[in-house]
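Asks: Here is my input; please provide its structure:
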Amino acid sequence: MAIQITVGYVAGFLAAAFFVIKLCSQNILTLIVSGLLQDKNTASTWTVAGSALQNSIWPTLLRSDSTLSHGVRKDIWFMSNFITFMALLIGLAGIVTPLGLYQTLVEEKNVQTPFKYLSDESPFGVGTPPRSNYSLTRSCLGPQMLNPCPFTDTVSIGVLDSTGKGTFDFPYGYDINVPPVLKEIYSSGTGDDTTVSNYFDIQWRRYVTTRNERYNNGSTTIIGAFRLFDSMVLRNSYEAFEGVIVDTKHGGIGFRNHTIPPAFKYGAAWTEDILFIEPETVCVDTNITLDYTMSTEQNLSISIVDLVLTDRGGFTNLNQTFPEADISDKQKNPDLWMRAYKAAWMTNTFSMLYYNVTTMRNGTTKPFSYLNTKIGKTFAVPYSGVPMTYDALQSDSTFQSHLKLSSKIDNATVFSPADVMNATNPFNIQYRNFSSIGVLCSGAGNADFANITNILVSCGLIHGVPQRQDAGSSMVFDSGSKWSQPLYSCASAVKATVKTVSFTYNGTTDSLKNLNITHIQNKVYKDEASKPLWGVEDTGNAYRIGQLPLIWGLISPKYENHPNVSSVRQESLYLPGLGAYGDFLGRLSSRNMPGSDFYSGAIGEAYSVTATNMGALDYSGDGNMAMWVRWQNLTKSVSTAAIIPNLIWTDYAAAAVVGTKGVLGPGNAANKNLVALPVTPTTMQIRYHYAFGIPAFLTGFLLILSIIACLIVICFGRGSVGRLKVHLHQTSPGRILTTFLYPSMHGMDMKTNEWKKKMAKKSVDLSGEYPVGTEGPGPIPPAYGHEKDIWLSVYERNGSDVHLVEGERFLTEPRR
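Replies: Got it, this is the predicted structure:
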């Protein structure tokens, strides 16, 4: 693991370097002092030189007298070594202690601060025009033709015949504007003091203006103009783009007109509650696969051979009871798994009838009266001659693409092995049989009413990216290699929910790239009463699903029992709509109702992926190897395969719409925050790793003990500054030498200034066996005898007042 170099490490390294430099320079200079020092020097020179020499490391290296322990009092020896130990410990602490210093970003206390709008420089921002002020518009169909929409003042005059057919006239024009009362109701649950958007805060990302003399007396209105931008399915992250928060980990978009607190150098962190629209998908394994072998002579017209449908248990182990989803309360439980299972069951059943594996109810014949299959049995599949149909991802809302019913069955034998079972289709199974599966899975069709119970559910058959079955790279279609393509039945609903989003902004530059989304989680509610109240238009079953785009949103409790509102109090709202017939996001929409139209169009796109019809972007993976590999990994398992429709939906949804509400209110039009958001600023602070402080802590502890011991010594009269000064004199080499050479001067008792004047310049020669003073002592008293008889013991010399002659030996020696 790489070591991160911190300021503390740098300081420690510098301290170590200077410690080594100090040690080396001190001892190098001491060696120079030794070289300059002569055998004959003044007494003060010997004192200064002795201090320099004894304070270096040379006595230890050379094992000189000052390092000996023999004959030394134990307490003095201990304290001398303790002084050395403390010096080393302090040096170690000076090196190690800084290593624990480091700088880090720390969150401070929450503050209130102004926010400002932040533009997007990505393709999403560049391709998003300024927001318009046009109102939402819709037209409403009746059994025959246009009908007035709810709460509008449109007057309709109809002339009908006995069969119910006739004509309608609108003498005062047809009002397509959404009435203010509906805006009041379906935005009542999200005031300007919250960051949660409502239905009317959602706009088409791109739009065009249009006029129709029939509508609004020919006034100009707008409609959506869809274009795809960048694909984000490979990102696996949370990102902010113009007007939206995009979740490419699970799928979904949040609506936010992006603003940031700009006044912090190191950025800030905060959370907001955001309205999200997200798909919810469940997939079921059909347990049948498409299998083939790569041709040994691959070319543009032929690349695969032996194309078969293999029973992996989907035929053999089929439950013979028709499955039914629980649709008693679709808002509480859409039962997506059972819907997907029903679609898989019907897909397998129609396929079995197609291949005459079993029988259907026919007169007296019971269904499933015989079963002509086993696990591993293969069935010929017509090959269209388009290899990309089988080597990439597909999603099919008609559930028949695995059989290619539009192809001639005779082609099935061209590239199929001899031992497979060709289709006889005795029950005349056709395209329309499979296409009905989507309606039954969805649970609602054109004849059903537009209301809160008929939620949008889209279903489809997903052909996974093929998995290699023999040895070799899973990314290389080697000649003769064998591949298997799983088939999954999936059902998707779309729901609105409120999520808590955590933001950070680093504050270096005003760029949306610096706005980071660190976490997204479902909003937590303390009890049932605190959960959001959702409302959907209730028209009294006056309109069918395809005739009226319903308005929905968070509503105030005062509208909970409104006669034209259906409401539920729960964490999420499954959005209403018609998902059975594959709605799409065309280049131009027919109305300006983005909050109702974008999510159904996006889910329709997610279930219409083919390699032969890539559209603006390729979602099959045939033209994008990175996407191909991701789809291959996700379709290894039925559980992860469910992420694919969610991610494709997210791409289309993010390109289709934007949110216009932010901290500064709808359109970020206010000059100050309308939402009181606590912001946590980030500051740079110095912190410390305490493990690096152990030498310093030990030094401090020993210093405290030393201070205590010093006080004890002083209190018992054993130590004082005066006594210390005496000992300094007694251990000064120059003072010792002059005291013995010139005892009559009483050099040991002199004060420093006096000794400096009288003794400091006296020369002492240490070149011989004993010290020699260079100044003559004068006449020797007769009491000491003849000049030749001047060998005295040290004790006798100490008692004498006579100046000894130059060259006197004063060390303890016997008298001659």
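Asks: can you pull the contacts of the closest residue to Cys149 other than its chain neighbours?
Replies: Closest residue in space to Cys149, ignoring its immediate chain neighbours: Cys140 at 4.1 Å, by Cβ to Cβ, 6 or more residues apart in numbering. Backbone N, C-alpha and C define where each C-beta goes, glycine included. Counting by Cβ atoms under 8 Å, 6 or more residues apart in numbering, Cys140 makes contact with Leu146, Asn147, Pro148, Cys149, Pro150, Tyr543, Gln547, Leu548.
Asks: Then Gly91?
Replies: Here Gly91 is in contact with Phe19 (criterion: Cβ under 8 Å, 6+ apart).
Asks: next one: stretch 720-738 to chain centre, how far?
Replies: Here stretch 720-738 shows a centroid-to-chain-centroid distance of 70 Å under the convention Cα atoms, centre = their mean, to the nearest Å.
Asks: got it, and stretch 135-150?
Replies: Counting by Cα atoms, centre = their mean, stretch 135-150 comes out at 46 Å from the chain centroid.
Asks: Skipping its backbone neighbours, what lies nearest Val536 in space?
Replies: Once flanking residues are discounted, Val536 sits nearest to Ile452: 4.1 Å by Cβ to Cβ, 6+ apart.
Asks: Output stretch 294-311 as CSV, nothing but the C-alphas.
Replies: Coordinates of each C-alpha in stretch 294-311 appear next as CSV, following Å, rounded to 0.1, in the frame of the first residue of the first chain:
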residue,chain,number,x,y,z
MET,A,294,-20.3,-19.9,-34.8
SER,A,295,-19.6,-20.8,-38.4
THR,A,296,-16.2,-22.0,-39.4
GLU,A,297,-16.4,-19.7,-42.4
GLN,A,298,-17.9,-16.5,-40.9
ASN,A,299,-18.9,-13.8,-43.4
LEU,A,300,-21.4,-11.0,-43.8
SER,A,301,-24.2,-13.4,-44.8
ILE,A,302,-23.5,-16.4,-42.6
SER,A,303,-21.9,-16.4,-39.2
ILE,A,304,-23.9,-18.8,-37.1
VAL,A,305,-25.1,-22.4,-37.6
ASP,A,306,-27.2,-24.9,-35.7
LEU,A,307,-29.6,-22.2,-34.3
VAL,A,308,-32.0,-23.9,-31.9
LEU,A,309,-34.3,-23.3,-29.0
THR,A,310,-33.3,-25.4,-26.0
ASP,A,311,-35.6,-26.6,-23.3
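Asks: Pretty sure the residue nearest to Val536 sits against Gln570.
Replies: No - contact criterion Cβ atoms under 8 Å: Ile452 and Gln570 do not qualify, at 11.7 Å.
Asks: shared neighbours of the two, anything?
Replies: Gln331.
Asks: Of the two, give the one with the bigger neighbour count.
Replies: It is Ile452, of Ile452 and Gln570, that has more neighbours when counted by other Cβ atoms under 10 Å, with 22 against 15.
Asks: follow-up on the earlier one: can you add distance to Gly376, pLDDT and secondary structure and give the contacts of Cys140 back as a markdown table?
Replies: Formatted as a markdown table, the contacts of Cys140 follow (distance: Cβ to Cβ, whole Å; pLDDT from 0 to 100; DSSP: H, G, I helix; E, B strand; the rest coil):
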| residue | distance to Gly376 | pLDDT | secondary structure |
| --- | --- | --- | --- |
| Leu146 | 58 | 82 | strand |
| Asn147 | 57 | 85 | strand |
| Pro148 | 61 | 89 | coil |
| Cys149 | 58 | 91 | coil |
| Pro150 | 58 | 92 | coil |
| Tyr543 | 51 | 91 | coil |
| Gln547 | 50 | 90 | helix |
| Leu548 | 51 | 91 | coil |
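Asks: ok, of those, which one's closest to Asn133?
Replies: Nearest to Asn133, judged by Cβ to Cβ, of the contacts of Cys140 is Cys149 at 20.8 Å.
Asks: Contact partners for the closest one?
Replies: By Cβ under 8 Å, 6+ apart, the residues touching Cys149 are Arg138, Ser139, Cys140, Asp175, Ile176, Val178, Leu548.
Asks: Okay, and which of these map to helices?
Replies: Counting by DSSP state H, the contacts of Cys149 place none of their members in helices.
Asks: Widest-spaced pair of those residues?
Replies: Asp175 and Leu548 (14.6 Å).
Asks: More neighbours: which of those two?
Replies: Shown here are Asp175 and Leu548; by other Cβ under 10 Å, Leu548 has more neighbours (25 against 20).
Asks: Now that the more buried one has come up, it's in contact with Thr539, right?
Replies: Yes - counting by Cβ under 8 Å, Thr539 is a contact partner of Leu548 at 6.6 Å.
Asks: Name the residues contacting each of these two.
Replies: Joint contacts of Leu548 and Thr539 (Cβ under 8 Å, 6+ apart) are Pro150, Ala450.
Asks: how far away is the residue nearest to Cys149 from Asp175?
Replies: 11 Å (Cβ to Cβ, to the nearest Å).
Asks: joint contacts of these two?
Replies: Pro148, Cys149.
Asks: Flag the shaky bits of the stretch 251-400 of the chain, pLDDT-wise.
Replies: Low-confidence segments of the stretch 251-400 of the chain, defined by pLDDT under 70: 300-302, 383-388.
Asks: what about Gly191, helix or strand, and which?
Replies: According to DSSP states H and E, Gly191 maps onto no helix or strand at all.
Asks: How far does the host helix or strand of Trp77 sit from its chain's centre?
Replies: Assigned by DSSP H and E, Trp77 falls within helix 74-96. How far helix 74-96 lies from its chain's middle: 50 Å, per Cα atoms, centre = their mean.
Asks: which of the residues in the lengthiest helix in the chain are buried?
Replies: Secondary structure assigned by DSSP H gives helix 7-36 as the longest helix of the chain. For helix 7-36, the neighbour count (16 or more other Cβ atoms under 10 Å) marks Gly8, Tyr9, Ala11, Gly12, Ala15, Ala16, Thr30 as buried.
Asks: So which of these is the closest to Lys116?
Replies: Minimum separation from Lys116 among those (Cβ to Cβ) is found for Gly8, which lies at 37.0 Å.
Asks: Quick check: Ile429 vs Trp77, distance?
Replies: From Ile429 over to Trp77 the distance is 107 Å, taken as Cβ to Cβ.
Asks: brain fart, Met627
Replies: 80 Å.
Asks: One more: Thr739?
Replies: Distance of Thr739 to Trp77, given as Cβ to Cβ: 25 Å.
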